[in-house]
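Asker: predicted model, plus sequence, below.
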Amino acid sequence: MKILIFLFGILVFTSCNNNDDDNTTEQNQYETIGEWHLITYRCCLFESYEYTDEITWIFNPDNTIDIAIDSGTNVSSNMPFNSSGNYTYNINENEDRDEIIIDGITYYYLTSNTGTQLIIEDEIGFSADGLLLLFEKIE
């Protein structure tokens with residue numbers, strides 16, 4: 001069932017967008033600004049972790065991220081940014097895929113057409129079995 005939900009999420013992220021306007025880095029950063037709950041962490045052949053509201057990432061307009069992890073939350077030691085703290089980020093646009101650089105480490109990211117989900121990953125495509133962080137925006 002989790003696989004079906006994951007594949008549905010990927011389908012939502014890769015669906016066509018009728019917006020013909022050019023996105024700028026500022027617009028892409030604006031889409032990420034706000035509070036996000038981490039709902040899935042998956043990497044490689046390691047166990048997948050599912051969360052509700054235990055881990056919050058707050059993307060600030062000053063290019064910092066405040067990460068808050070509730071005490072007692074089961075967090076993989078392999079998960080990047082697996083402790084509460086403040087981190088820096090920058091967004092780069094590419095033709096193929098937008099990049100987000102968090103504390104000097106480059107990842108790929110995209111937001112859903114509705115702006116309510118965010119994926120951060122280190123590899124592209126369905127066959128990739130690398131890092132995947134799936135977030136839902138807090139309203």
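Answerer: Arrived safely.
Asker: by mean pLDDT, which helix or strand of this structure comes out lowest?
Answerer: None of the helices or strands of the chain scores lower by mean pLDDT, DSSP states H and E than helix 2-14, at a mean of 49.
Asker: pLDDT weak spots in this protein?
Answerer: Applying pLDDT under 70 to the chain picks out residues 1-30, 124-128, 139.
Asker: do a quick rundown of the helices in it.
Answerer: Under the criterion DSSP state H, helices of the chain are mapped to 2-14, 25-32.
Asker: residue contacts, the closest residue to Phe46 other than its chain neighbours?
Answerer: Once flanking residues are discounted, Phe46 sits nearest to Asn78: 5.8 Å by C-beta to C-beta, 6 or more residues apart in numbering. For glycine as for every other residue, the C-beta is placed from the backbone atoms N, C-alpha and C. Shown in contact with Asn78 (C-beta atoms under 8 Å, 6 or more residues apart in numbering): 43-44, 46.
Asker: closest to Ile69 out of these?
Answerer: Cys43 (16.8 Å; C-beta to C-beta).
Asker: how close does that closest one get to Asn78?
Answerer: Per C-beta to C-beta, to the nearest Å, Cys43 is found 6 Å from Asn78.
Asker: before we move on, what about Gly104?
Answerer: In this view, Gly104 and Asn78 are 18 Å apart by C-beta to C-beta.
Asker: ok, Cys43 - contacts?
Answerer: Per C-beta under 8 Å, 6+ apart, neighbours of Cys43: 76, 78-79, 130-132.
Asker: buried subset of those, written for ChimeraX?
Answerer: The following ChimeraX line selects those of those that are buried, judged by 16 or more other C-beta atoms under 10 Å:
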select :79,131,132
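Asker: ranges for the strands of this protein?
Answerer: For the chain, strands defined by DSSP state E occupy the ranges 34-42, 49-50, 55-59, 64-69, 85-92, 98-102, 105-111, 117-121, 132-137.
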